[in-house]
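K.L.:
Please work out how this folds:
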Amino acid sequence: MTEFPSVDTRELRKRLGVDIDAETFLLSLTHRSYAFENPGVEHNERLEFLGDSVLSLAIAEEVYRRYPDLPEGELVRSEEHTSELQ
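P.N.:
The predicted structure is shown next:
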């Protein structure tokens with residue numbers, strides 16, 4: 001379990017329109033360097049991996065829909081170019 005300092009995130013989550021539990025929210029904001037300096041605190045790299053994967057799926061879907069006549073190879077190149085802009 002992640003050990004975070006006692007922080008009330010309700011107002012920030014409400015303003016951002018984020019409907020997740022406080023622990024996951026704090027984890028999503030915790031950089032690896034902070035976790036390194038604070039033993040027992042997890043960092044957000046696994047969530048970052050998941051987020052990157054979701055974003056890649058969204059980009060692939062948009063490229064697929066936007067360019068219905070492109071062959072697979074050009075779709076891949078288009079997606080790669082778009083992903084580089086992240």
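
K.L.:
For the most centrally placed residue in the chain, grab phi and psi.
P.N.:
The chain has Gly51 as the residue nearest its centroid, 2.9 Å off, counting by Cα atoms, centre = their mean. Gly51 adopts backbone torsions of phi -60, psi -40, taken as degrees, to the nearest 10.

K.L.:
What ranges does this protein have for its strands?
P.N.:
Taking DSSP state E as the criterion, the chain contains no strands.

K.L.:
show me what contacts Glu79?
P.N.:
56, 59-60, 63 (Cβ atoms under 8 Å, 6 or more residues apart in numbering). Glycine gets a C-beta too; all of them are placed from N, C-alpha and C.

K.L.:
Name the member of these with the most neighbours.
P.N.:
Val63 (20 neighbours; other Cβ atoms under 10 Å).

K.L.:
hang on, isn't that one packed against Leu75?
P.N.:
Yes: between Val63 and Leu75 there is a contact under Cβ atoms under 8 Å: 5.8 Å.

K.L.:
just the helices in the protein please.
P.N.:
Under the criterion DSSP state H, helices of the chain are mapped to 10-16, 22-28, 32-37, 45-66, 72-84.

K.L.:
Most tightly packed of these?
P.N.:
Most buried of the helices of the chain by mean neighbour count (mean count of other Cβ atoms under 10 Å) is helix 22-28; its value is a mean of 15.

K.L.:
Let's see that helix as CSV, backbone CA atoms only.
P.N.:
Coordinates of the C-alpha atoms in helix 22-28 are reproduced here as CSV (Å, rounded to 0.1, in the frame of the first residue of the first chain):
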residue,chain,number,x,y,z
ALA,A,22,-7.9,9.8,-3.4
GLU,A,23,-5.1,7.2,-3.2
THR,A,24,-5.2,6.6,-7.0
PHE,A,25,-5.3,10.3,-7.6
LEU,A,26,-2.3,11.0,-5.4
LEU,A,27,-0.5,8.0,-7.0
SER,A,28,-1.1,9.5,-10.5
